[in-house]
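Student: Sequence plus the predicted model coming up.
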Amino acid sequence: MANPNSANDLQRDAAAAADEAGNDLREGAGKIRDDIRETAQNIRHNASAERLMEKGAGLVNEASDAGREYVDRARTAGREYTERAKAEADRLYAKGQHLADDAGAYAELRYDEVSDMVRRNPAQSLGIAAGVGFLVGLLISRR
């Protein structure tokens, strides 16, 4: 017959082995469960990251389009302002040219009048010129 202690020992050893195997299986299953959760989270995270990247790329494209639109508007406005400024400059130049021509004609008239007056009254003109020269000399010497 078999030794009862040996059977009990075998039974205990088998139970211990079964417990150890069960613990190993639970631990392995827990690790697998954690790995599956982590993988699922990574997949969700990657999908979220991809969606965020797509949204970001869309926003970048929208911002780029808006920037181009603003640049085009600025160029158009710049051209309009340049044309207006050029037209105003041309107008002011023409007005200045007209005023310069008028001033030249006025100076020519006055020159002719002064020249006639000097020819008619040379002594008086010489006295006036000497007085003006004296005053200018006084003003310059005080500086």
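Tutor: Arrived safely. Quantities reported herein were computed from a predicted structural model and do not represent experimental measurements. Numbering: from 1, shown residues only.
Student: Tell me where the model's unsure across the protein.
Tutor: Scanning the chain with the threshold set as pLDDT under 70 gives 1-10, 43, 45-49, 52, 143.
Student: Tell me where it has helices.
Tutor: Applying DSSP state H to the chain gives helices spanning 4-120, 122-142.
Student: Would you convert those into JSON lines that also reports mean neighbour count?
Tutor: Heads up, the C-betas are built off the backbone N, CA and C, glycines and all. Output for the helices of the chain, formatted as JSON lines (neighbours: other Cβ atoms under 10 Å):
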{"stretch": "helix 4-120", "mean neighbour count": "10"}
{"stretch": "helix 122-142", "mean neighbour count": "10"}
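Student: So what's the gap between stretch 98-110 and the chain middle?
Tutor: Here stretch 98-110 is found 51 Å from its chain centre; the criterion is Cα atoms, centre = their mean, to the nearest Å.
Student: go on, stretch 125-143?
Tutor: 62 Å.
Student: Show me what it is in contact with.
Tutor: With contact meaning Cβ atoms under 8 Å, 6 or more residues apart in numbering, stretch 125-143 is reached by 117, 118.
Student: Pull out the CA atoms of that stretch and give them to me as CSV.
Tutor: Extracted C-alpha coordinates of stretch 125-143, given in CSV (Å, rounded to 0.1, in the frame of the first residue of the first chain):
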residue,chain,number,x,y,z
SER,A,125,18.2,155.6,-56.6
LEU,A,126,21.9,155.8,-55.8
GLY,A,127,21.0,157.4,-52.4
ILE,A,128,18.4,154.7,-51.6
ALA,A,129,20.9,151.9,-52.6
ALA,A,130,23.6,153.4,-50.3
GLY,A,131,21.1,153.7,-47.4
VAL,A,132,20.0,150.1,-47.8
GLY,A,133,23.7,149.0,-48.1
PHE,A,134,24.5,150.9,-44.9
LEU,A,135,21.7,149.2,-43.0
VAL,A,136,22.6,145.8,-44.3
GLY,A,137,26.2,146.4,-43.2
LEU,A,138,25.1,147.5,-39.7
LEU,A,139,23.0,144.3,-39.4
ILE,A,140,25.8,142.1,-40.6
SER,A,141,28.5,143.7,-38.4
ARG,A,142,26.3,143.1,-35.2
ARG,A,143,26.3,139.4,-35.7
